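S.K.: Any chance you can model this:
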Amino acid sequence: MADNPRGPTLRILGAAVAVGTIAWSVYRFVEAAKLKKEQKYCGDRILGQRAHESSRIRSTDSPCIVQMQVLQRDLGSDGKDILKLSQGIVHWKPPPEALEAAKRSLDEMSDIHGYGDDEGCLLLREMISTKLKNENNITNSQVMVTAGANQAFTNVVLATADAQSSIILWPPYYFNHKMAIQMTGGSSTLELGQPDPHTLVPDPKWLEDRIKVKNNKTEKKIAACVLCNPCNPTGVVIPGSILKRYFLYDGARHETVEGPHIINIFSFSKAYGMMGWRLGYIAYPESLGPSLLKVQDTIPICPTQISEHVGIGALRAGRTFVEGKLESIRANRKMLLEALKPLKVVESKGAIYLFVKLPDQYVNDSKVVKWLASKHGVLVIPGTSCGAPGYFRVSYANMIPKHMEVAAKRLRSAVQDLLTRDRSKPLNM
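M.R.: Alright, predicted model coming up:
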């Protein structure tokens, strides 16, 4: 057979095509590998394998309560008996009327498992309004029910403050208030007011001077000034002259104020033993209603309906229930004041807290708190978490007096140890 004159050319073209196919295959393989790598990178970020925190959360303090819970678990796993005076809770359950209301709502209400009204059920809001009028002299505010006072505070921050606005806290402050401001973008605009150095009551003169310069272009607009009354963590009651509820001692009066620029936040947790039911409320000027509803509908949608019925039962039990519990925490308070007597305790006439100054040489209050837990079996909160280094906070409603006697004995021993130990040596954990 004669040779095909086009044979060499075809063979050359075939080889070229083959080489081109290989090159194209290699190119596609490389591109596919690059795409797969990019997809994996994007997927890792999206699915959380390489998740990055937001700058808002990175700038937010770590929750001290969680740190104390971890410390308690770690020491407990080693067999250490820890008495918890850290978290602000009370030792009693909700009133019988409240628990009965919860049972009835499960048995009799078919819609208890659905969504309720965003601002809270009408009956509870009406009862809260009556309570506000009779006990707090608040008569012209609207009411929104929330999942506890912490959520109420976050609602208010989101509804009223911009990232460029200033929010004023007064140290010592409630740590979750600072965290709410930080995580909603206010880290750079948080201002710390100056309290009276002796009483730790907010200084109105400082605030007046700050307001005078509000029109100065270099000063940020004040969106809010936060007052916690009675104060958590100190228990200090702010006098009505600067501005009556529960947990007041030695004749102190708790007062509230109302106005078109004032928002009041309340909680069911301490008075009615409802910490785990997560129920609080906001009393606010009517003009803020639409803004607060935007936040409410986005975060919880509505309060938990069964918790609302517990709240209705609690309000029906009323102050009589609360007042019947006060004797036990008065006894606890007296025991702890006696145990802490060698140290300086901030004068406290409200709430369920004592704020204690450490001797000057103990500058690291977080270390002292760990030492108190590991060596003496008592868990408290470091003052640093509240913007007050060199202090610690004690909660005294956590347990019945019989158990508080043991805690007080341990604290008394710890105080003596602090005052008499060789201070040139480190604290042994």
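
S.K.: CA atoms of stretch 110-119 as CSV?
M.R.: Once non-C-alpha atoms are left out, stretch 110-119 reads as follows in CSV (Å, rounded to 0.1, in the frame of the first residue of the first chain):
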residue,chain,number,x,y,z
SER,A,110,-53.8,25.8,73.8
ASP,A,111,-51.9,28.7,72.4
ILE,A,112,-49.2,28.7,75.2
HIS,A,113,-46.8,27.0,72.8
GLY,A,114,-47.2,29.7,70.1
TYR,A,115,-46.0,33.2,69.6
GLY,A,116,-47.5,35.9,71.8
ASP,A,117,-47.6,39.6,71.5
ASP,A,118,-44.2,41.2,70.9
GLU,A,119,-44.5,43.6,73.7
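
S.K.: Buried residues in that stretch, which are they?
M.R.: 112, 116-119 (16 or more other Cβ atoms under 10 Å). Every C-beta, even on glycine, is put in place using the N, C-alpha and C of the backbone.

S.K.: will you turn the residues you listed into JSON lines that also has secondary structure, distance to Gly79 and pLDDT?
M.R.: Putting those into JSON lines (DSSP: H, G, I helix; E, B strand; the rest coil; distance: Cβ to Cβ, whole Å; pLDDT from 0 to 100) gives the following:
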{"residue": "Ile112", "secondary structure": "coil", "distance to Gly79": "43", "pLDDT": "92"}
{"residue": "Gly116", "secondary structure": "coil", "distance to Gly79": "46", "pLDDT": "96"}
{"residue": "Asp117", "secondary structure": "coil", "distance to Gly79": "50", "pLDDT": "97"}
{"residue": "Asp118", "secondary structure": "coil", "distance to Gly79": "48", "pLDDT": "97"}
{"residue": "Glu119", "secondary structure": "coil", "distance to Gly79": "49", "pLDDT": "97"}
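
S.K.: So which of the residues you listed is the closest to Gly193?
M.R.: Distance to Gly193 across the buried residues of stretch 110-119 (Cβ to Cβ) is lowest for Glu119, with 31.3 Å.

S.K.: picking that back up, could I get the buried residues of stretch 110-119 as JSON lines with distance to Ala317?
M.R.: As requested, those are arranged in JSON lines below (distance: Cβ to Cβ, whole Å):
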{"residue": "Ile112", "distance to Ala317": "21"}
{"residue": "Gly116", "distance to Ala317": "22"}
{"residue": "Asp117", "distance to Ala317": "24"}
{"residue": "Asp118", "distance to Ala317": "27"}
{"residue": "Glu119", "distance to Ala317": "23"}
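
S.K.: what's the average pLDDT for stretch 396-404?
M.R.: Mean per-residue pLDDT for stretch 396-404: 96.

S.K.: Where do the helices of the stretch 301-429 of the chain begin and end?
M.R.: Under the criterion DSSP state H, counting those that start in this stretch, helices of the stretch 301-429 of the chain are mapped to 305-323, 326-339, 365-376, 401-420.

S.K.: Name the residues that touch the first one?
M.R.: Right, helix 305-323. For helix 305-323, contacts defined as Cβ atoms under 8 Å, 6 or more residues apart in numbering pick out 94-102, 104-106, 109, 111-114, 116, 120-121, 123-124, 127-128, 131, 135, 145, 147, 246, 268, 271-272, 274, 277-279.

S.K.: for the third one, same thing?
M.R.: Around helix 365-376, the neighbours that count as contacts under Cβ under 8 Å, 6+ apart are 68, 71-72, 75, 80, 82, 358, 362, 378-384, 389-392, 410-411, 413-414, 417-418, 427-429.

S.K.: Any of the residues you listed buried? List them.
M.R.: Applying 16+ other Cβ under 10 Å to those flags 68, 71-72, 75, 82, 358, 362, 378-384, 390-392, 410-411, 414, 418, 427 as buried.

S.K.: From the residues you listed, which land in strands?
M.R.: Among the buried ones among the contacts of helix 365-376, the subset assigned to strands under DSSP state E consists of 378-379, 381-382, 391-392.

S.K.: closest to Pro202 out of the helices of the stretch 301-429 of the chain?
M.R.: Across the helices of the stretch 301-429 of the chain, closest to Pro202 is helix 365-376 (Cβ to Cβ), at 22.1 Å.

S.K.: hmm, which of the contacts of helix 305-323 are the buried ones?
M.R.: 94-95, 97-98, 101-102, 105, 112, 116, 120-121, 124, 127-128, 131, 145, 147, 246, 268, 271-272, 274, 277-279.

S.K.: Might you specify the subset of those located within strands?
M.R.: Among these, the members falling in strands (DSSP E) are Val145.

S.K.: List the contacts of the nearest residue to Ser385 once chain neighbours are set aside.
M.R.: Residue nearest to Ser385 in three dimensions, not counting chain neighbours: Cys64, with 3.7 Å by Cβ to Cβ, 6 or more residues apart in numbering. Counting by Cβ under 8 Å, 6+ apart, Cys64 touches 175, 381-382, 385.

S.K.: Could you single out the nearest of the residues you listed to Asn398?
M.R.: Once Cβ to Cβ is applied, the member of the contacts of Cys64 that ends up nearest Asn398 is Ile381, at 12.0 Å.

S.K.: which stretch of helix or strand covers Ile167?
M.R.: Taking DSSP states H and E as the definition, Ile167 sits inside strand 166-169.

S.K.: Now do that strand: which elements does it pack against?
M.R.: Packing partners of strand 166-169 (3 or more Cβ pairs under 8 Å, 6 or more residues apart in numbering; DSSP states H and E): helix 175-181, strand 190-192, strand 222-225.

S.K.: Which parts of the shortest one count as buried, going by neighbours?
M.R.: Along strand 190-192, the positions that meet the burial threshold by neighbour count (16+ other Cβ under 10 Å) are Leu190.
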